[in-house]
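Asks: okay, here's the prediction I keep looking at, along with the sequence it came from:
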Amino acid sequence: MTLDHVIETRAVRTSFQSIFGLADGAVLGCEALSRGVEGGEFALADRLFGEARKQGRTSSLERLCCAVAINRASAVCGESRGKLFLNLCVDEICRRENVDFMEVAAAGAGMRPSSIVVEITEGHGVSDWGRLRAGIRAWRAAGFALAIDDVGSGHSDLRIVAEVEPEYLKIDRSLVQDVDSRRGVRAAVSALVVMGTALSSVVIAEGIETRDEFATLRSLGVQAGQGYFLARPALQPNLLSAAAAVELGDATITTEPVSLTVEASCA
């Protein structure tokens, strides 16, 4: 199957991973993970989006993934359940036509821009800060909120956080893994929490996989998180895991799945 065929036939699949508040287990939203069809050449996201970059088709593929995910999200949850996060590469954030596209896609699914957060993945760096600033203004003027993905990964540096002043700040898994046993990592996470507070950003930790990571991040003031310890990806958003509910001191927590974070990653 060629990339052209994937785009023309809309041959992408979406699964969802819930995001929860670390203090009380309340559902903040879900991340929708876009992939090629299972068993195909582009079943892995890295392969799919890497081929799109190589062929200069990133914009077409990301639009497709976001449109499919918006429609799927609308069918699964609907706007009344919270924010929907749409993950786009920084180059796509700079394109005014993508703002218009998202407005139309949201309207077609019965959603408002105010219910959507556009999550920025820096990817291979910002080449034109002026264009990025103009893009940020356009998204916000249309009613969308903004998030920065992979903060601390090396791709997303402090400058883009400072430029965007995002409503949501997502800590990369590299600063989450073994955070309970790595003093330097805890210091970095603490610094990001301070920055998030100063910017009035909700800080979200990605890739929480153990009880100790969960407990440490919560003690450091991280407000929300996602990862296998909390809920695994599924065709529909999962409830908080039993292990996480016990850690929160309430094994009876059964929060309904709500809003969706859509990742059309340009990894």
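Replies: On my side now, so go ahead. Source: prediction; values computed, not measured.
Asks: please enumerate the helices of this structure.
Replies: Per DSSP state H, the chain has helices spanning 3-9, 45-55, 58-76, 90-93, 96-108, 129-141, 158-164, 183-199, 211-219, 242-247. These are given in chain order.
Asks: how about those helices, which one is nearest A231?
Replies: Between A231 and the helices of the chain, the shortest gap by Cβ to Cβ is with helix 242-247, which sits at 7.9 Å. C-betas here are computed from N, CA, C, even on glycine.
Asks: what packs against that closest one?
Replies: If you count contacts as 3 or more Cβ pairs under 8 Å, 6 or more residues apart in numbering; DSSP states H and E, helix 242-247 packs onto helix 211-219.
Asks: avg pLDDT for the helix it packs on?
Replies: For helix 211-219, mean pLDDT rounds to 97.
Asks: may I see the buried residues of that helix?
Replies: The neighbour-count check on helix 211-219 (16 or more other Cβ atoms under 10 Å) flags 213-214, 216-218 as buried.
Asks: quick one: which of these is nearest A145?
Replies: L217 (22.7 Å).
Asks: so what's the closest one up against?
Replies: 22, 176, 179, 189, 205, 208, 225 (Cβ atoms under 8 Å, 6 or more residues apart in numbering).
Asks: quick one on the thing from earlier: with distance to M195 added, can I get the buried residues of helix 211-219 in a markdown table?
Replies: Listed next are the buried residues of helix 211-219 as a markdown table, based on distance: Cβ to Cβ, whole Å:
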| residue | distance to M195 |
| --- | --- |
| E213 | 20 |
| F214 | 21 |
| T216 | 18 |
| L217 | 15 |
| R218 | 18 |
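Asks: surely A145 is in contact with V118?
Replies: Yes - here A145 reaches V118: they are 7.3 Å apart, a contact under Cβ atoms under 8 Å.
Asks: quick one on the thing from earlier: from the buried residues of helix 211-219, pick the one nearest A245.
Replies: A245 lies nearest to F214 out of the buried residues of helix 211-219, by Cβ to Cβ, at 11.4 Å.
Asks: thinking again about what came up before, ok, A145 and V118, which is more surrounded?
Replies: V118 (29 against 19; other Cβ atoms under 10 Å).
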